[in-house]
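> here's my sequence, what's the structure:
(chains A, B, C and D)
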2 protein chains.
Amino acid sequence: MKYTKKDRQQLLLETIEKNPFITDEQLASTFNVSVQTIRLDRMELSIPELRVRIKSVAAHNFGEEVKSLPLNEVIGEIIDIDLDKQAISILDITQDHVFARNGIARGHHLFAQANSLAVAVINDELALTRKSTITFVKPVKAGDRIIAKAVVLSKDTEKNSTLIEVTSKVENDTVFIGQFSMYRMTKS
Amino acid sequence: MKYTKKDRQQLLLETIEKNPFITDEQLASTFNVSVQTIRLDRMELSIPELRVRIKSVAAHNFGEEVKSLPLNEVIGEIIDIDLDKQAISILDITQDHVFARNGIARGHHLFAQANSLAVAVINDELALTRKSTITFVKPVKAGDRIIAKAVVLSKDTEKNSTLIEVTSKVENDTVFIGQFSMYRMTKS
DNA sequence: CACCATTTTAGCACTTGGTACTAATATCAG
DNA sequence: CTGATATTAGTACCAAGTGCTAAAATGGTG
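Sure thing, here's the model as predicted:
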């Protein structure tokens, strides 16, 4: 039982999205069509070939370097950073982040984004959170895109301490506010 | 001025470590040797070819992405619960929870465990965190087992508000203290 | 210096997972 | 039945290799 061209192409998209490591040959056999058909499909959908796909997956991790911290440890995607001054990150809330019951995001995701950003904005080998006061202003739902902005308020070089305020918004509505007192580890 | 075989191979290791996306041809020209020499070097050092290297970087990347998702459930294992009074949970800290740089657990994992527990202890349809003040008392390392205890301090039925204190310990050392002001969603 | 081992280079056939292109065949709709 | 669309087949070619053989170049030792 073969799919229509449209259905197949839709499935193809999803399949490759789910597993970018699949070859045309494997795709051909799972869809019971010839390799050439798969190639045509990929062209129409402008899906690159296996190696390019793999490379782009690999490059994602390698290409963008945030100086203060390896990217994979940061929750949310940092889109702007001015070390020791301010930083902005984006986190898209999906079904995975919310309570099944009411679709409201669990608090620790907002905290994780804000805390990650507070760590990242500090221009140092490594920073640890010492104290924090946070307020969940408004519930966040699945589908929302949280934009968190961290601002360095003050630095106390004596105490190796830095005060940061993170404000997270969804479409200009403030949903979260957190003050973070960070400890700087100024060693090499 | 050519390097000795040993020096070249050492540099080769570092170069590929730094940039796994480099071809043998490029390597050959940077070290002023033939492509074949590079191949021999790679064999002796058992460094895989470009495509395999890229693929492993990508696979690692892809795996991480999956790994970062299990945040949707309760963080930590609840081992004792007395609804509306107190609850205890355990979280084992692994390499995945810590900063690669110094092996110290990222703060949001401690917060997530405490926050999850605060939500769970409330005997209600669902609870949301409203405000929270937290203190990271002592760094937690990979291999540590965090035992978090949540105690309900007070209930204000008028305001649908509950105050909870969570104390997390590693072998009787307090590592984290958090006060959580929770909002109760009475029936929907 | 000569000799032998190590190191380096060269060349060829073959592999994967493709691209680019041409051409033939199926399938379906009006 | 005729066209258009969709599918399959086949060829030449590419990148970045592996595997293998063989010839040079280099280097240290007696």
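
> show me the helices in chain A, by range?
Here chain A has its helices, by DSSP state H, at A:5-18, A:24-31, A:35-44, A:50-63, A:107-121.

> can you say which of those is packed in most?
Stretch with highest mean neighbour count among the helices of chain A: helix A:107-121 (a mean of 27; mean count of other CB atoms under 10 Å in any protein chain shown). The C-beta positions use only the backbone N, C-alpha and C, and glycine is treated the same way.

> for the record, mean pLDDT for it?
Averaged over helix A:107-121, pLDDT sits at 92.

> and that helix with helix B:107-121, angle?
Going by axes from the mean of the first three to the mean of the last three CA atoms, to 10 degrees, helix A:107-121 is angled at 170 degrees with respect to helix B:107-121.

> quickly list the domain ranges of chain A.
A:5-61, A:72-184 (automatic domain parsing).

> for DNA strand C, find the nearest of those.
Among these, domain A:5-61 comes nearest to DNA strand C, with 3.0 Å by CB to the nearest atom of the strand.

> quick one: the nearest residue to residue A:88 once chain neighbours are set aside from residue A:18, how far?
Nearest residue to residue A:88, sequence neighbours excluded (CB to CB, 6 or more residues apart in numbering or on different chains): residue A:80, at 4.4 Å. According to CB to CB, to the nearest Å, residue A:80 stands 31 Å off from residue A:18.

> what does residue A:26 give?
13 Å.

> again with residue A:41
Distance from residue A:41 to residue A:18, counting by CB to CB: 16 Å.

> do residue A:37 as well
When distance is defined by CB to CB, residue A:37 is 20 Å away from residue A:18.

> and for residue A:98?
Computed as CB to CB, the residue A:98 to residue A:18 distance reads 22 Å.

> picking up where we left off before, weakest of the helices of chain A by average pLDDT?
helix A:50-63 (a mean of 81).

> just the C-alpha atoms of it, please, in CSV.
Taking C-alpha atoms only, helix A:50-63 is exported to CSV below (Å, rounded to 0.1, in the frame of the first residue of the first chain):
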residue,chain,number,x,y,z
LEU,A,50,22.8,12.8,4.5
ARG,A,51,26.3,14.2,5.0
VAL,A,52,25.2,17.8,4.9
ARG,A,53,22.5,17.0,7.4
ILE,A,54,24.9,15.3,9.8
LYS,A,55,27.4,18.1,9.4
SER,A,56,24.9,20.7,10.2
VAL,A,57,23.8,18.8,13.3
ALA,A,58,27.4,18.6,14.4
ALA,A,59,28.2,22.2,13.5
HIS,A,60,25.4,23.4,15.6
ASN,A,61,27.1,22.4,18.8
PHE,A,62,30.5,23.4,17.5
GLY,A,63,29.9,26.6,15.6
